[in-house]
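K.L.:
Predicted model, plus sequence, below.
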Amino acid sequence: MCGIFGYTGKRNSVETVLKGLKKLEYRGYDSAGIAGLHTGEIVSCKEVGKIAALEKLVHEEKIELDLAIAQTRWATHGKPSVVNAHPHLDQGRTLALVHNGIIENHDSLRISLEKQGIHFVSETDTEVIAQLLGVMYQGDFLATLREAIPLLKGAFALAIIHKDYPGQIFAIAHESPLVIGIGHGEAFVSSDSNAFAAHTREVVFLANSEIAVIKSDSLQIFDLMGEIDKETHQLTEEIQEISKGDYEHYTLKEIFEQPRVIRQALLSRFLEEYGTATFEELNLDVNSLLSVQRILILACGTSLHSGLIGASLLEDQARILTYTDISSEFRYKNPIVPPDTLVIAISQSGETADTIAAVKEVKAKGAKVLAICNVYGSTLTREADSTLYLRAGPEIGVCSTKAYTSQVIVLALFSLMMARMRHMNKYEGQEFLNALKALPDVVQAVLDKAPEIEKIAKKYAHYENFFFIGRRYMYPSSLEGALKLKEISYINANGYAAGEMKHGPIALINADCPTVALGANSDTLDKLESNLREVAARDGKIIAIIKESDRGLEKIANDVITIPDTIDELATVPVTVVTQLLAYYIAIERGADIDQPRNLAKSVTVE
Ligand code: AGP
């Protein structure tokens, strides 16, 4: 997803902004650009590809800027190209702007502007904003912005500079995140506070349709009526220097971080003696938790898969009716949300547009929202009534790994707490806690098998189609395993409930379509075995992932990967580490771009 960064102050603007952009690389992009003011004129420089290519061009052209804005672009309207890269200028070169979001009525605005004699140079919706502002400006840019914002439909986070306003950056956010960093004699604006947190931790979050006028020594915020006071926040999360360490890719580093991440997610969140869980940051009162009669889980992608695990845990343990829905579907329904419904919104980034929109819809229906999120101060955490944090540290690889694991741990703790508030007794609670506390070592044992898993991955890296199948907790795990392989190796991998194979998908099974069988749920292993016999009878190759003490599938699998014993409810954690490693090593074998796969973004902040 696009990343925006702007700076005004005493430092070298070009260097500061390029450094800030690099901290946004993880969001996924295909081009980048920078613009600023120098000797009263707008200067801009743009390049396709990585930021390093832009940096090379900036230095070749000896670009100097008194203040700067920049953007990493993830193409939505118009292919990746220099012309379509941001920043975009108006025809008169009086202003430059960068944008994260989508302007839904860009076509009609473009036609209207072309009738006024405006000639567009790009295919983007963003240039429409620049040209519109250029046409509307009559000498008071703040007034221009106030008039222009209501004309824009869709989501937009904007950072804008104007040649008549040296030293100033104008920033606007509407359904797309933007945060301002206030330093001493300097100021920053970015899509993600982590990009400037090394310089300042005092931040202001812009709300919809607010306009910020950012100077190195002052910050004014306006709504459409006039100037308003905004409270500042202190960034609390420790800023972890984002680096790959000794790993070749962030994705591999984050896979291997998972024993520590599990320990972090568990830390000080359970009461051994009472066999239950506790969250210091949970500010939903006990009575509201006791009155919960049903739970709705909303999420996208990997977060939806952990949500499916959470739904099974809450039903199996807490006996609370729990259902999940895809955020991008839910937001367009007229949902039925009965009283006493608790909504759990899961999002690693806290910026996924579909999940935020779904949360706003469900809040309009009067439901309480509990967020499970990895980013402090993200938009979702400010929309929710309460947030449980993953504590997983920044997840840089576009494909989500440690966040999934941490989401499952947090959901398991929450389910335990809700179960102990209802039917579960102390001893059952302590037993579940013991299984949770064993997971870091269970996962470490799986990670120690990486060379064995790599060998198997190489055998299967040439296939273009895969099935992942499982039952019960292994069904969402199959969806997640398939998504991992799809995302980073570009193989057509599909996850299915094993019982569904005979209802159609088995038509695709042949010697060129292997099946990864997730057999780590003992209760339904015999049923899975029957499904696999149907696969084997059609020459389908089978990679079986099974518990050390449950080796029934060994006789029909072509390759077997065992995991240490754990309970069915938590088996998704070690099994998913296996499928993460399988996907990683297959992608390596195929030479794919691991950390920033094609077409993907780390945080999908647009529809
Ligand atoms: C997961 O590997 C993907 N990158 C993607 O499905 C992701 O889980 C989804 O976009 C949701 O992101 P979120 O957790 O930040 O809301």
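P.N.:
In hand now; what should we look at? Residues are numbered from 1 along each chain as shown.
K.L.:
Hmm, residue 606 is touching residue 156, no?
P.N.:
No: between residue 606 and residue 156 no contact is recorded; they are 9.8 Å apart, counting by Cβ atoms under 8 Å. C-beta: built from backbone N, CA, C; applies to glycine.
K.L.:
And these two? Which one has more around it.
P.N.:
A side-by-side neighbour count of residue 606 and residue 156, using other Cβ atoms under 10 Å, places residue 156 first with 24 against 20.
K.L.:
Doesn't that one belong to a helix?
P.N.:
No: note on residue 156: no helix contains this position according to DSSP: H, G, I helix; E, B strand; the rest coil, which reports strand.
K.L.:
And it, how close does it get to the ligand?
P.N.:
With distances defined as Cβ to the nearest ligand atom, to the nearest Å, the gap from residue 156 to the ligand amounts to 20 Å.
K.L.:
re earlier: shared neighbours, residue 606 and residue 156?
P.N.:
Shared between the contact lists of residue 606 and residue 156 (criterion: Cβ atoms under 8 Å, 6 or more residues apart in numbering) are residues 100, 101, 102, 176.
K.L.:
Quick one: residues contacting the closest residue in space to residue 78 that isn't next to it in sequence.
P.N.:
Distance criterion Cβ to Cβ, 6 or more residues apart in numbering; nearest residue to residue 78, sequence neighbours excluded, is residue 123 at 3.1 Å. By Cβ under 8 Å, 6+ apart, the residues touching residue 123 are 77, 78, 79, 83, 84.
K.L.:
Only the buried subset of those residues, as a PyMOL command please.
P.N.:
Selecting only the buried members of these in PyMOL, with burial defined as 16 or more other Cβ atoms under 10 Å, works like this:
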select buried, resi 77+78+83+84
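K.L.:
Which of the contacts of residue 123 sits closest to the ligand?
P.N.:
Among the contacts of residue 123, residue 77 lies closest to the ligand (Cβ to the nearest ligand atom), at 20.1 Å.
K.L.:
show me what contacts that closest one?
P.N.:
By Cβ under 8 Å, 6+ apart, the neighbours of residue 77 are 84, 102, 106, 123, 124, 125, 126.
K.L.:
Looking at those, which is nearest the ligand?
P.N.:
Looking at these and their distance to the ligand, the nearest is residue 102, at 16.0 Å (Cβ to the nearest ligand atom).
K.L.:
Dump the shared contacts of residue 606 and residue 156 to JSON lines, plus secondary structure and neighbour count.
P.N.:
JSON lines is the format used below for those (DSSP: H, G, I helix; E, B strand; the rest coil; neighbours: other Cβ atoms under 10 Å):
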{"residue": "100", "secondary structure": "strand", "neighbour count": "31"}
{"residue": "101", "secondary structure": "strand", "neighbour count": "28"}
{"residue": "102", "secondary structure": "strand", "neighbour count": "20"}
{"residue": "176", "secondary structure": "coil", "neighbour count": "27"}
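K.L.:
Reformat the residues you listed as JSON lines; add pLDDT and distance to residue 479.
P.N.:
JSON lines is the format used below for the shared contacts of residue 606 and residue 156 (pLDDT from 0 to 100; distance: Cβ to Cβ, whole Å):
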{"residue": "100", "pLDDT": "88", "distance to residue 479": "29"}
{"residue": "101", "pLDDT": "83", "distance to residue 479": "29"}
{"residue": "102", "pLDDT": "83", "distance to residue 479": "27"}
{"residue": "176", "pLDDT": "79", "distance to residue 479": "28"}
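K.L.:
Could you break this protein into its assigned domains?
P.N.:
3-234, 244-443, 449-593 (automatic domain parsing).
K.L.:
Dump those to CSV, plus distance to residue 601.
P.N.:
Supplementary listing: the domains of the chain in CSV, determined by distance: least, Cβ to Cβ, whole Å:
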stretch, distance to residue 601
domain 3-234, 4
domain 244-443, 7
domain 449-593, 11
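K.L.:
Mean pLDDT lowest where, among the ones you listed?
P.N.:
When these are compared by mean pLDDT, domain 3-234 comes last with a mean of 92.
K.L.:
For the residue lying closest to residue 118 once chain neighbours are set aside, pull up the helix or strand it's in.
P.N.:
Excluding its sequence neighbours, the residue lying closest to residue 118 (Cβ to Cβ, 6+ apart) is residue 131, at 5.0 Å. Residue 131 is located in helix 125-136, with elements delineated by DSSP states H and E.
K.L.:
Show residues contacting that helix.
P.N.:
Under the criterion Cβ under 8 Å, 6+ apart, residues 76-77, 86, 88-92, 94-99, 102-103, 106, 109-110, 113, 116, 118, 120-121, 141, 144-145, 147-148, 151-152, 154, 156, 158, 160 lie in contact with helix 125-136.
K.L.:
Show me what the host helix or strand of residue 419 is packed against.
P.N.:
Using DSSP H and E, residue 419 sits within helix 402-420. If you count contacts as 3 or more Cβ pairs under 8 Å, 6 or more residues apart in numbering; DSSP states H and E, helix 402-420 packs onto helix 258-266, strand 276-277, helix 301-318, strand 341-347, strand 368-373, helix 426-447, helix 572-589.
K.L.:
right, and the helix or strand after the fourth one?
P.N.:
Right, the one you point to is strand 341-347. helix 353-364.
K.L.:
do the same with the second one
P.N.:
Once the chain leaves strand 276-277, the next helix or strand it forms, by DSSP H and E, is helix 286-290.
K.L.:
Can I get that next one in PDB, CA atoms only?
P.N.:
What follows is the C-alpha trace of helix 286-290 in PDB, where atoms were taken according to Å, rounded to 0.1, in the frame of the first residue of the first chain:
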ATOM      1  CA  VAL A 286     -16.900  -7.800  33.600                       C
ATOM      2  CA  ASN A 287     -20.700  -7.400  33.300                       C
ATOM      3  CA  SER A 288     -20.600  -6.600  29.600                       C
ATOM      4  CA  LEU A 289     -18.400  -9.700  29.100                       C
ATOM      5  CA  LEU A 290     -20.700 -11.800  31.100                       C
END
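K.L.:
Give the buried residues for the helix holding residue 131.
P.N.:
Going by 16+ other Cβ under 10 Å, helix 125-136 has these buried residues: 125, 126, 127, 128, 129, 130, 131, 132, 133, 134, 135.
K.L.:
Please consider this matter closed, and thank you.
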